[in-house]
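Asker: fold the following for me, if possible:
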Amino acid sequence: MTPEQLKSSILQYAIQGKLVEQRPEEGTGEELYQQIQTNLDAISEVQTKKKNKILPIEEKDVPFDIPETWRWVRLGTIGYTNIGLTYSPKDQTMDGVIVLRSSNIQNGKMVYEDIVKVNMEIPDNKMCQIGDILICARNGSKRLVGKSAIVDKAGMSFGAFMAIFRSVCNQYIIHVINSAYFRNSLLGDTGTTTINQITQDMLKNSLIPLPPLAEQKRIVAKIEELLPLVDRYAVAYEKLEQFNTKFPEDMKKSILQYAIQGKLVEQRPEEGTGEELYWQIQTEKQRLVKEGKIKKEKPLPEIAEEEVPFDIPESWKWVRLSQLAILENGDRSSKYPVESDYVDFGIPFFGAKDMNGSAMSLENVRYISEKKFSELGNGKLKNKDFICLLRGSVGKCAAFIADEKHRTGFICAQMVIVRCIDKAICDYMQKFLMSPFYSQYIESKVTGTAVRQLPAKELGNVLVPLPPLAEQTRIVAKLEELLPLCERLK
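Answerer: Down below sits the predicted model:
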């Protein structure tokens, strides 16, 4: 139950006579009603006898049962209501009488920061008294119509879009006005679609349950005892909501972190080691260099002990990303595609907007012709290549998955291709690139403030915990079993 629902339930219990017990010695709502009628002229200054017709209460009008000691009444029969003062900009002055408006009602309280003053003759029935209920009677937003508060200062008027109510126990009445029942009955139809409003006729004919005066005071006391507890509940509820919102993503991050630390599946000696896999990849890399398919790189420095961020199993090996993959920038020459090179269908020309989840999206991709593609140098994609952003959402990665219509593609200038030398490690690498460790490392290397950037060299220096290939397969299988469960928690 939300805090608003809890508050609504408390108010509903209150106006149904279920919040406090009834006491015979306190009299009845009927007796109170008759007393009010006797003193009506004094309460209302004869204003309730003018203009608006008060309808009789029929059995079909009664929305719910109330205690036998209570009575259903129309609001206009137990107090004084009126619509506020009309004034023009020329009446406004630095000195004069404060005119209260809807902006002065905030969270059920009167605030006096944003005030308007007028210098004009104001009738007595447009002036507030301490204890009056001020109601927003007209507003462009239906949500704000009906908001109310008790006036706690004297000597102020109220504006034309406001209504005022004055009666015997306004503290009880305002809780009725704030109840879901009252709001729904009053604002089910509030006039036009652009300006929502409460008319005097609507207000005066609103049905409210009237308990004896002593019981009204006990109801108010009980509500005022409970509402601070609701406020405390709201704080706890908000924290719980934040936790529930974050929990699926936090759980996902924890699982991925466990995976790359070797804690998600057991190690099996018969599956070999990360060291053996690493040298197999280096052998393949040397072959590609020898055949001229990739350029020879400068030897990378050894990974120092202080660089290692966490412990991994003995059968694993710490390596750098550029030892497992080729990093290739796009073609940034004068041949780089411009808008006039775009065609209806051809070779996908990927930008940051096409990074949707773990795979590149073709839904709104731009295309260039095969002729234009042939003019370009670097930046041409192969199946299972990763594309990484170097600007903006730095480090964000997605895989290019080829199909019959899209065998290749081209990357924009703010991207880099990460091409695994051994395609067999791609599935594990994709999970690694989703891990919190990878994100934190990238974040620590970002440069620039107006435009966030990541040097491709820093991407290549990312440390990767490398398990044996068979264990990688089991890790990926376990992640594909667990991660969808995290999504279902959202």
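
Asker: tell me which stretches of this protein form helices.
Answerer: Applying DSSP state H to the chain gives helices spanning 3-15, 29-38, 40-44, 170-177, 180-187, 200-204, 213-260, 274-290, 321-324, 370-375, 426-432, 436-445, 456-460, 469-488.

Asker: so for residue 61, which of those helices sits nearest?
Answerer: With CB to CB as the measure, helix 180-187 is the member of the helices of the chain nearest residue 61 (9.8 Å). C-betas here are computed from N, CA, C, even on glycine.

Asker: list the buried residues in that closest one.
Answerer: With burial defined by 16 or more other CB atoms under 10 Å, the residues of helix 180-187 counted as buried are 181, 182, 186, 187.

Asker: which elements pack onto that helix?
Answerer: Applying 3 or more CB pairs under 8 Å, 6 or more residues apart in numbering; DSSP states H and E, one finds that helix 180-187 contacts helix 3-15.

Asker: what does the helix it packs on contact?
Answerer: When contacts are taken as CB atoms under 8 Å, 6 or more residues apart in numbering, the neighbours of helix 3-15 outside the stretch itself are 1, 19, 66, 175-176, 178-182, 208-209, 219, 222-223, 226-227, 230-231, 233-234, 237.

Asker: make it 10 Å
Answerer: Defining contact as CB atoms under 10 Å, 6 or more residues apart in numbering, one finds that helix 3-15 is touched by 1-2, 18-20, 64, 66, 70, 172, 175-183, 208-209, 211, 216, 219-220, 222-223, 226-227, 229-238.

Asker: for the record, mean pLDDT for it?
Answerer: The predicted model assigns helix 3-15 a mean pLDDT of 94.

Asker: quick one: which of the helices of the chain is nearest residue 114?
Answerer: Across the helices of the chain, residue 114 has its closest neighbour in helix 170-177 (21.5 Å, CB to CB).

Asker: neighbours around residue 91, how many?
Answerer: Neighbours of residue 91 under the rule other CB atoms under 10 Å: 15.

Asker: tell me who's in contact with it.
Answerer: Taking CB under 10 Å, 6+ apart, we find residue 91 in contact with 85, 99, 116, 117, 118, 119, 120.

Asker: give me the nearest residue to the fifth one, chain neighbours excluded.
Answerer: Once its chain neighbours are removed from consideration, residue 118 has its nearest residue in residue 91; the separation is 4.5 Å (CB to CB, 6 or more residues apart in numbering).

Asker: returning to that earlier point: and the helices of the chain, which one is worst for confidence?
Answerer: Among the helices of the chain, helix 40-44 scores lowest, with a mean of 56.

Asker: ok so, going back, buried among the contacts of helix 3-15? Need that as a selection in PyMOL.
Answerer: If you want just the buried ones from the contacts of helix 3-15 in PyMOL, going by 16+ other CB under 10 Å, the selection is:
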select buried, resi 19+20+66+70+172+175+176+177+178+179+181+182+208+209+211+216+219+220+223+226+227+230+233+237
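
Asker: what about the nearest residue to residue 294 once chain neighbours are set aside, distance to residue 317?
Answerer: The spatial neighbour of residue 294 that comes closest, neighbours along the chain excluded (CB to CB, 6+ apart), is residue 288 at 4.7 Å. As defined by CB to CB, to the nearest Å, residue 288 lies at a distance of 21 Å from residue 317.

Asker: who's more crowded, the two?
Answerer: Neighbours per residue, other CB under 10 Å: of residue 288 and residue 317, the larger number sits with residue 317, 21 against 14.

Asker: how near is that one to residue 174?
Answerer: Separation of residue 317 from residue 174 (CB to CB): 71 Å.

Asker: who touches residue 482 in this structure?
Answerer: In this structure, residue 482 makes contact with 251, 252, 255, 256, 258, 259, 264, judged by CB under 10 Å, 6+ apart.

Asker: return the member of the contacts of residue 91 nearest to residue 167.
Answerer: residue 85 (20.9 Å).

Asker: OK, contacts around residue 372?
Answerer: 335, 337, 338, 340, 341, 342, 343, 346, 347, 349, 410.

Asker: quick check on these: which are buried?
Answerer: When neighbours are counted using 16+ other CB under 10 Å, these contain these buried positions: 337, 341, 346, 347, 349, 410.

Asker: out of those residues, which sit inside strands?
Answerer: Among the buried ones among the contacts of residue 372, the subset assigned to strands under DSSP state E consists of 347, 349, 410.

Asker: got those as a markdown table, with pLDDT columns?
Answerer: As requested, those are exported to a markdown table (pLDDT from 0 to 100):
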| residue | pLDDT |
| --- | --- |
| 347 | 95 |
| 349 | 96 |
| 410 | 96 |
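
Asker: returning to that earlier point: of the contacts of residue 372, closest to residue 271?
Answerer: Closest approach to residue 271 among the contacts of residue 372 (CB to CB): residue 410, at 38.1 Å.

Asker: quick check: that closest one touching residue 382?
Answerer: No: because the distance of 11.7 Å does not satisfy CB atoms under 10 Å, residue 410 is recorded as not touching residue 382.

Asker: next, count neighbours for the residue nearest to residue 75 when sequence neighbours are not counted.
Answerer: Taking CB to CB, 6+ apart, and ignoring the residues beside it in sequence, residue 75 has residue 206 as its nearest neighbour in space, at 4.5 Å. Taking other CB under 10 Å as the neighbour definition, residue 206 ends up with a count of 19.

Asker: please apply the same query to residue 122.
Answerer: Look at residue 122: counted by other CB under 10 Å, it has 18 neighbours.

Asker: now do the contacts for the residue nearest to it when sequence neighbours are not counted.
Answerer: For residue 122, ignoring the flanking residues on the chain, the nearest one in space by CB to CB, 6+ apart is residue 157 at 5.1 Å. Applying CB under 10 Å, 6+ apart to residue 157 gives the contacts 84-85, 87, 96-100, 116-118, 120, 122-123, 126-128, 164.

Asker: cool, residue 97 as well?
Answerer: With contact taken as CB under 10 Å, 6+ apart, residue 97 is in contact with 85, 87, 116-122, 126-127, 155-157.

Asker: export those to a markdown table and tack on pLDDT and distance to residue 302?
Answerer: Supplementary listing: the contacts of residue 97 in a markdown table, determined by pLDDT from 0 to 100; distance: CB to CB, whole Å:
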| residue | pLDDT | distance to residue 302 |
| --- | --- | --- |
| 85 | 90 | 83 |
| 87 | 90 | 81 |
| 116 | 91 | 74 |
| 117 | 92 | 77 |
| 118 | 92 | 81 |
| 119 | 92 | 84 |
| 120 | 91 | 86 |
| 121 | 90 | 91 |
| 122 | 90 | 86 |
| 126 | 91 | 85 |
| 127 | 91 | 85 |
| 155 | 90 | 82 |
| 156 | 92 | 78 |
| 157 | 92 | 81 |
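
Asker: which of the residues you listed count as buried?
Answerer: With burial judged by 16+ other CB under 10 Å, the buried subset of the contacts of residue 97 is 85, 87, 116, 118, 122, 126, 127, 156, 157.

Asker: the closest residue to the first one other than its chain neighbours and residue 87, how far apart?
Answerer: Computed as CB to CB, 6+ apart, the closest residue to residue 85 that is not its neighbour in sequence is residue 126, at 4.3 Å. Look at residue 126 and residue 87: by CB to CB, they are 10 Å apart.

Asker: before I go, just wanted to say thanks for your time.
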